[in-house]
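Peer 1: structure for the following, please:
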Amino acid sequence: MTPARAPIGQRAPRTERGRRTQRAILDAAAAEFGEKGFHESSIVSITIRAGVALGSFYTYFESKEALFKALVADMSGRVRTQVAPALSQHKGSAVDAEGVALLAFLKFAREHKEIYRIIDEAEFVAPEDWRTHYSSTAARILERLNAAYAKGELRVPPQEAHAWAIMGMNVFLGLRFGVMDEAADLVAVAAAANDLLSSGLS
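Peer 2: Now for the predicted structure:
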């Protein structure tokens, strides 16, 4: 099997030490961009925060823009990594599975609040990656809904609008209760949202 290529402007590390260095740069970039935004952050400030030499940056990334694009993809991947294990352990209905996925995302958003500023800025700094972030997330939701419909768990055939509606709800619940309110009961929030999906408001 041919290994996946690194995104344009990003070079794949060849050693474990290289992977650790690249991970440190990505983590530092998340913190830096999350605090200052893309335009106010610099490669120098990111490498200082990461504790790596300036030359190490250019070993893995061609530019600040390339790093930002890689970070958007990385954060999308980390959300998937957070949600997938929770879904794999879920044995209930498809609607309940969406509540499980939401709870996993809410926990991620609370731990990584910077994701909101980074994804918001991606619309202008890396628009293709911004679009991919949302379209791929919605596609995963729609895939789950289609699988549930095939099992007879949903009363209507899923549409793309259903997937985007669920994703939109999740995004704003993460903003409100993951970022704005660190004391909110995330389990209760996910349960309320799941009840809305299951029963509706009427």
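
Peer 1: what about residue 147, which SS state?
Peer 2: Following DSSP: H, G, I helix; E, B strand; the rest coil, we place residue 147 in the helix state.

Peer 1: dump the residue contacts of it.
Peer 2: By Cβ atoms under 8 Å, 6 or more residues apart in numbering, the contact list for residue 147 reads residue 94. The way it works is simple: take the backbone N, C-alpha and C, and place the C-beta from them, glycine included.

Peer 1: what's the neighbour count on residue 190?
Peer 2: Using other Cβ atoms under 10 Å as the criterion, residue 190 is surrounded by 23 other residues.

Peer 1: do the same with the one 5 residues further on
Peer 2: The number of residues packed around residue 195, counting by other Cβ under 10 Å, is 13.

Peer 1: tell me if I am right that it is in a strand.
Peer 2: No. According to three-state DSSP, residue 195 belongs to no strand; its state is helix.

Peer 1: where does the chain dip in pLDDT?
Peer 2: Low-confidence segments of the chain, defined by pLDDT under 70, are located at 1-9, 201-202.

Peer 1: pick out the residue nearest the middle of this protein.
Peer 2: Most central in the chain under Cα atoms, centre = their mean is residue 76, positioned 3.3 Å from the mean C-alpha point.

Peer 1: contacting residues around the spatially closest residue to residue 69 that is not a sequence neighbour?
Peer 2: Spatial nearest neighbour of residue 69, chain neighbours left out: residue 126 (4.6 Å); criterion: Cβ to Cβ, 6 or more residues apart in numbering. Neighbouring residues of residue 126 by Cβ under 8 Å, 6+ apart: 65, 68-69, 72.

Peer 1: one step back: just the element for the residue nearest to the centre of the chain, please.
Peer 2: Element membership for residue 76 (DSSP states H and E) is helix 64-89.

Peer 1: report the buried residues of that helix.
Peer 2: 64, 66-76, 79, 82-83, 86 (16 or more other Cβ atoms under 10 Å).

Peer 1: name the helices or strands packed onto that helix?
Peer 2: If you count contacts as 3 or more Cβ pairs under 8 Å, 6 or more residues apart in numbering; DSSP states H and E, helix 64-89 packs onto helix 16-36, helix 43-50, helix 94-111, helix 114-125, helix 127-150.

Peer 1: residue 194 contacts residue 101, doesn't it?
Peer 2: No. Using Cβ atoms under 8 Å, residue 194 is not in contact with residue 101, being 9.8 Å away.

Peer 1: of those two, who's got more company?
Peer 2: Using other Cβ under 10 Å as the criterion, residue 194 and residue 101 rank with residue 101 on top: 24 against 20.

Peer 1: re the thing from before, pick the most buried one from the helices and strands packed on helix 64-89.
Peer 2: Mean neighbour counts were taken over these using mean count of other Cβ atoms under 10 Å, and the top value, a mean of 20, falls to helix 94-111.

Peer 1: what's that helix in contact with?
Peer 2: Helix 94-111 is touched from outside by 78-79, 82-83, 85-87, 90, 115-116, 141, 144-145, 147-148, 151, 153-154, 166, 169-170, 173-175, 177-179, 182, 186-187, 189-191, 193-194, 197-198, with contacts defined as Cβ under 8 Å, 6+ apart.

Peer 1: could I get the helices and strands packed on helix 64-89 as a markdown table with distance to residue 158?
Peer 2: Shown next, in a markdown table, are the helices and strands packed on helix 64-89 (distance: least, Cβ to Cβ, whole Å):
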| stretch | distance to residue 158 |
| --- | --- |
| helix 16-36 | 33 |
| helix 43-50 | 41 |
| helix 94-111 | 10 |
| helix 114-125 | 24 |
| helix 127-150 | 4 |
